[in-house]
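Engineer: Provided below are the primary sequence and the corresponding predicted coordinates.
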Amino acid sequence: MPPPATEPDATAPVSPGPGFDATAPVSPEPGLDPAAPGPSAPTADGPLPSLLTPVVDEDGAPFWEYAARGELRVQFCADCAEPRFPPRPCCPHCRSFASEWRRMSGRGRIWSYVLPHPPLLPAYAAQAPYNAVLVELLDAPRVRLVGNVVAAPDAPLDSVDPARLRIGAPVRVAFTETGGLTVPRWLLERG
């Protein structure tokens, strides 16, 4: 018969697991470059640290090139017509390397959202409370893009009252330049 279950000892040290190096520098979230320049608002102590900007790789470069022109495009397989997002060289459905970038309407709906709470990076703490949304595109429902709902394309991240956000709310894309890169943001539509 197995021994009775006991409560874990809250004072006992917990091992983070094999391969964990507590002395290693913390890596940024994949796809984000904390050293990239971004917008900063001046304060009494000087400019705020920059917001994080995406790292452009070979597969995703066309997405950012189209965004710079004010176009929201998504990579699709040229053989089976399935969307490939995030962009990649090979179709996960039919294994084709043929691809095309289709223009989307720029309309979607809020699929999910969060309101980040401290501790936050300094540039983000200065704009709290703000939202981070996951938008499902109407033209490609399995494609979901991360962004922020704002009052206007160049508005600060905290420009929309969090009480106005709801799952399923209709949104449309707007583009703004930040840190030398044009990024999509989202505007609430009347719904």
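Structural biologist: The structure has been received and is ready for your questions.
Engineer: So what touches stretch 179-186?
Structural biologist: 36-39, 50-51, 53-54, 56, 64, 67-68, 70, 72, 108, 110, 133, 135, 145, 147-150, 153, 171-177 (CB atoms under 8 Å, 6 or more residues apart in numbering). To be clear about C-beta, it is placed using only N, CA and C from the backbone, and glycine gets the same treatment.
Engineer: mind listing which of the residues you listed are in strands?
Structural biologist: Those of the contacts of stretch 179-186 mapping onto strands are 53-54, 108, 110, 133, 135, 145, 147, 171-177, per DSSP state E.
Engineer: Identify the residues contacting the spatially most central residue of the chain.
Structural biologist: Taking CA atoms, centre = their mean, the centroid of the chain lies closest to V146, which sits 3.4 Å from it. Residues in contact with V146 (CB under 8 Å, 6+ apart) are A132, V133, L134, V135.
Engineer: Pull out the buried positions in the longest helix seen in the chain.
Structural biologist: Taking DSSP state H as the criterion, the chain has its longest helix at helix 61-68. By 16 or more other CB atoms under 10 Å, the buried positions in helix 61-68 come out as P62, F63, Y66, A67.
Engineer: Now flag whichever of those is closest to P162.
Structural biologist: Using CB to CB, A67 comes nearest to P162 of the buried residues of helix 61-68, at 25.7 Å.
Engineer: The closest residue to A151 other than its chain neighbours and V74: what is the separation?
Structural biologist: Spatial nearest neighbour of A151, excluding adjacent residues (CB to CB, 6 or more residues apart in numbering): S159 at 3.9 Å. The gap separating S159 from V74 is 26 Å, by CB to CB, to the nearest Å.
Engineer: and the two? which has more neighbours close in?
Structural biologist: Neighbour tally, S159 and V74, criterion other CB atoms under 10 Å: the higher count belongs to V74, 22 against 16.
Engineer: got a list of what that one touches?
Structural biologist: By CB under 8 Å, 6+ apart, the contact list for V74 reads F63, P83, R84, F85, W101, R102, M104, L137, D139, A140, V143.
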